[in-house]
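[1] Predicted model and sequence follow; I will ask about them next.
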Amino acid sequence: MYKLVLLRHGESEWNRENRFTGWKDVDLSEKGLKEAKAAGEMLASEGYTFDAAYTSVLKRAIRTLWITLDEMDLMWIPVTRSWRLNERHYGALQGLNKAETAEKYGDEQVFIWRRSYTTPPPALAEDDERSPAFDRRYKDLKPEEIPLTECLKDTVARFLPIWDDEIAPAIKSGKRILIAAHGNSIRALVKNLDNISDDEISQVNIPTGVPLVYELDENLRPIRHYYLGNQEEIQKAMSAVANQGKSKTN
Ligand SMILES: O=C(O)[C@@H](CO)OP(=O)(O)O
């Protein structure tokens, strides 16, 4: 049996302000820093350790990983950063307040933009200065790999190559892996691992800063999964994520 731990970054400044974030490189809030520390403490106290870690090229996930590994005295383990673990690109919604967007376009439309598997949010214009094409960290991507928006299906498609080529073989070789990533890149992985339908994945919400443990069989099929921590608080945190895209007037 293998154990894989997934960790969504701690609360970011834009999570705190309830803004669509996507590939915008915002940092952790004070609360997010504390969540990352608590995640590391919990993993250490529950006896977890890791041989390697994977994260995105966005500082909220990288810093969460640093803090978690620091708490576990594991800052020395190899870390792979890849754009393939980035948050789902939120297109032209990036920067907008989620509740205000729901007031303007309706809760249903915002739910589709946030949680539909195949409908992407409105795209950034190609010449928009926020396009990843103008960001040096993405200079090695092929033009067709650079997103101007993404639905979850797109995120699954760009995440799977690093899973199949690097992470899955590492787990099978016996390495204990920690993945510090984002709400929607973790949803992409969870959909794939648990074989969740396109419809049902719309109801899955990942809380910030809570370790999610997957026990996997020799073929990396999940045996069970569970969050570490206070289960009641975790349920509340998941509902809070679901409600972020609802207008306040409803
Ligand atoms: O804004 C985002 O990038 C993500 C994660 O914070 O939000 P959502 O849960 O709305 O998909």
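    Yep, it's here.
[2] what's the lengthiest helix in the chain packed up against?
    Counting residues, the longest helix in the chain under DSSP state H turns out to be helix 30-45. Using 3 or more C-beta pairs under 8 Å, 6 or more residues apart in numbering; DSSP states H and E, the elements in contact with helix 30-45 are helix 13-16, helix 59-71. C-beta coordinates here come from the backbone N, C-alpha and C atoms, glycine included.
[3] for the first one, which positions count as buried?
    In terms of neighbour count (16 or more other C-beta atoms under 10 Å), helix 13-16 has its buried residues at 13-15.
[4] same check, this time on the last one
    Residues 59-69, 71 are the ones in helix 59-71 that count as buried (16+ other C-beta under 10 Å).
[5] Relative to the ligand, which of those residues is nearest.
    Arg60 (9.1 Å; C-beta to the nearest ligand atom).
[6] How about the residue nearest the centre of the chain, nearest residue that isn't a chain neighbour?
    Residue closest to the average C-alpha location in the chain (C-alpha atoms, centre = their mean): His182, at 1.4 Å. Distance criterion C-beta to C-beta, 6 or more residues apart in numbering; nearest residue to His182, sequence neighbours excluded, is Glu87 at 3.7 Å.
[7] Surely the one you found and Ser56 touch.
    Yes. If you go by C-beta atoms under 8 Å, Glu87 and Ser56 touch, sitting 7.1 Å apart.
[8] what do those two both touch?
    181-182, 185 (C-beta atoms under 8 Å, 6 or more residues apart in numbering).
[9] just for the chain, where's the confidence low?
    Counting by pLDDT under 70, the chain shows low-confidence ranges at 249-250.
[10] near the ligand, which residues of it?
    15, 20-22, 87, 90, 98, 114, 183-184, 241, 244-245 (C-beta under 6 Å from any ligand atom).
[11] at 5 Å instead, please
    Contacts of the chain with the ligand, taken as C-beta under 5 Å from any ligand atom, map to 20-22, 87, 114, 183.
[12] Please, where are all the strands along this protein?
    2-8, 52-55, 79-81, 177-181, 212-216, 222-227 (DSSP state E).
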